[in-house]
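J.: Provided below for reference: sequence and predicted model.
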Amino acid sequence: MTIVKTDFYEKGSVEPKKYVFDSQELETMTERLVQVNGIKMISPRLHINGLISNGDVSHIFLSEGILADDLLQLRKGDIYEDAPGYLDPTDDRGAVLSSGLAKMLDVDPDNYASQDLVIVAATIDGMMSASDVNIADMTDTGSVATNDKFVLIPLDLARELYDVEGADRVIILMETPDQAEAAMPNILALLEQSGLDVEIKDWKELSMYYSQVKGLFDMMHLFISLVVVLVVLFSVLNTMGQAIVERTREIGTLRAIGMKERTLTGLFVYEGMLLVAIGSVVGLIATYIIGGAINYADIRYLAPDSSSEVNLIIDLLIENLISTSIVFIALAAFASYLPAKKAAKKPITEALGHV
């Protein structure tokens, strides 16, 4: 979750002084937040931008000021824990450069530690400030939009360049993702009681690109799901309808010896359900085998807006697979009921004489 002053996202760039937390506000906020159960990390952040130069070439940059220890804790246990991109806690001038920006600045990837750069940024009052920086590490941001301009710097250096003692945002990391939504209103009320006029947004609200892409894929998934449901429905209707037609004389015999319509209809419904259940089990086994083979093959591809190749991973969610199978079995019961009910109502003499 991200805590900012109210209207920060709408007016923060126009009136930056008004929407930056000072050191006293940060202290008050921290004192309050440590009282909340489930909070794993409280991390102040400061965003700055400007120019970065190697003496010959200059390029714009976007930067995030963060404490080195917070970055270490944030990535602990993550799939990118062993990836490059860490700040050096002992180097207050060490910066992490995105690989695309490093290439533009002609940074030697095998000897970047010996190269120094200069960053120039505007202070909160609009004056210019500059500082030498060391290259602590280089990393790929994973996005084409930021890989040629992103720089990660220590929070104290960002404060020095921006000429403030506080931060423009405070990031909260919960112990588990499920706790965030429940804790958000409690945290907001707690901070408002302390006289802080703030708003809280989770990562989904701040990631417009993610929300748009997810919305697109949700629509595609819904359309494909409807097509699959219709295919299953009509397949079962066709299969059971053909089976009932071929067994019409058998149906007449069963009715002649006293079998009730309800019992006869139930037999065909159970048959349809069993047919789909067996198909679902076979499908589940095939899905796990094929999905596991794809994951094991380590297939890589370049995704849209990605600055580097990523692994093609089939995420096999057993609960989704089982729930889908249950839906299909229910559809099979419905699809089997219609032709079975019609056949069971056919007169016995007509059913026995069917050719």
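T.: Everything's here; your move.
J.: The chain: strands as residue ranges?
T.: 2-5, 39-53, 58-66, 94-98, 116-122, 128-139, 150-154, 169-174, 198-201, 300-301, 310-311 (DSSP state E).
J.: now the second one: how far from the chain's centre is it?
T.: Its chain's average C-alpha position is 22 Å from that of strand 39-53, according to CA atoms, centre = their mean, to the nearest Å.
J.: go on, the third one?
T.: Taking CA atoms, centre = their mean, one finds strand 58-66 lying 25 Å from the centre of the chain it belongs to.
J.: Next up, the contacts around Val107.
T.: Val107 makes contacts with 54, 97, 115, 135, 138, as judged by CB atoms under 8 Å, 6 or more residues apart in numbering. C-betas here are computed from N, CA, C, even on glycine.
J.: tell me the phi and psi of it?
T.: phi -80, psi 130 (degrees, to the nearest 10).
J.: how close does it get to Thr123?
T.: As judged by CB to CB, to the nearest Å, Val107 and Thr123 stand 27 Å apart.
J.: do Asp69 as well
T.: 26 Å.
J.: what do you get for Tyr210?
T.: 33 Å.
J.: Please apply the same query to Arg300.
T.: Counting by CB to CB - Arg300 and Thr123 are separated by 44 Å.
J.: These two: which is more packed in?
T.: Counted by other CB atoms under 10 Å, Arg300 and Thr123 do not tie: Thr123 has more neighbours, with 15 against 11.
J.: what mean pLDDT does the top helix by length along the chain have?
T.: As assigned by DSSP state H, the longest helix anywhere in the chain is helix 208-246. Taken as a whole, helix 208-246 carries a mean pLDDT of 85.
J.: List the buried residues in it.
T.: 232, 235-237, 239-241, 243-244 (16 or more other CB atoms under 10 Å).
J.: Tell me the one of the residues you listed nearest Val151?
T.: Val232 (52.6 Å; CB to CB).
J.: which residues are in contact with the helix-or-strand element of the chain with minimal mean pLDDT?
T.: Across the helices and strands of the chain, mean confidence by mean pLDDT, DSSP states H and E is lowest for helix 348-352: a mean of 75. Applying CB under 8 Å, 6+ apart, the contact partners of helix 348-352 are 248-249, 251-253, 255-256, 343.
J.: mind listing which of these are in helices?
T.: 248-249, 251-253, 255-256, 343.
J.: and those residues as a markdown table, adding neighbour count and distance to Ala351?
T.: Output for the ones in helices among the contacts of helix 348-352, formatted as a markdown table (neighbours: other CB atoms under 10 Å; distance: CB to CB, whole Å):
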| residue | neighbour count | distance to Ala351 |
| --- | --- | --- |
| Thr248 | 17 | 5 |
| Arg249 | 13 | 6 |
| Ile251 | 23 | 5 |
| Gly252 | 19 | 3 |
| Thr253 | 14 | 8 |
| Arg255 | 21 | 7 |
| Ala256 | 12 | 8 |
| Ala343 | 24 | 8 |
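J.: Which members of these are the farthest-apart pair?
T.: Top of the distance list for those (CB to CB): Ala256 and Ala343, 14.1 Å.
J.: ok, the spatially most central residue of the chain to Met138 distance?
T.: Among the residues of the chain, Tyr210 comes closest to the average C-alpha position under CA atoms, centre = their mean, at 7.4 Å. For Tyr210, the distance to Met138 (CB to CB) stands at 25 Å.
J.: Identify all contacting residues around stretch 291-311.
T.: 99-100, 140-145, 147, 209, 312-314, 316.
J.: what about the residue lying closest to Gly55 once chain neighbours are set aside, distance to Gly85?
T.: Once flanking residues are discounted, Gly55 sits nearest to Val118: 7.4 Å by CB to CB, 6 or more residues apart in numbering. Separation of Val118 from Gly85 (CB to CB): 21 Å.
J.: Give me the more crowded residue out of the two.
T.: More neighbours surround Gly85 than the other of Val118 and Gly85, with 18 against 14 (other CB under 10 Å).
J.: contacting residues for that one?
T.: Counted by CB under 8 Å, 6+ apart, Gly85 has contacts 96, 137-139, 152.
J.: how about the helices in the stretch 251-355 of the chain?
T.: For the stretch 251-355 of the chain, the helices defined by DSSP state H, counting those that start in this stretch occupy 261-296, 318-344, 348-352.
J.: Show me how far the second one is from its chain's centre.
T.: When you say that, I think you mean helix 318-344. For helix 318-344, the distance to the chain centre is 32 Å (CA atoms, centre = their mean).
J.: Ok, stretch 13-21 next?
T.: Worked out by CA atoms, centre = their mean, stretch 13-21 lies 30 Å from the chain centre.
J.: now do stretch 344-351
T.: Relative to the chain's own centre, stretch 344-351 is displaced by 57 Å; criterion: CA atoms, centre = their mean.
J.: how long is that stretch end to end?
T.: 9 Å (CA to CA, to the nearest Å).
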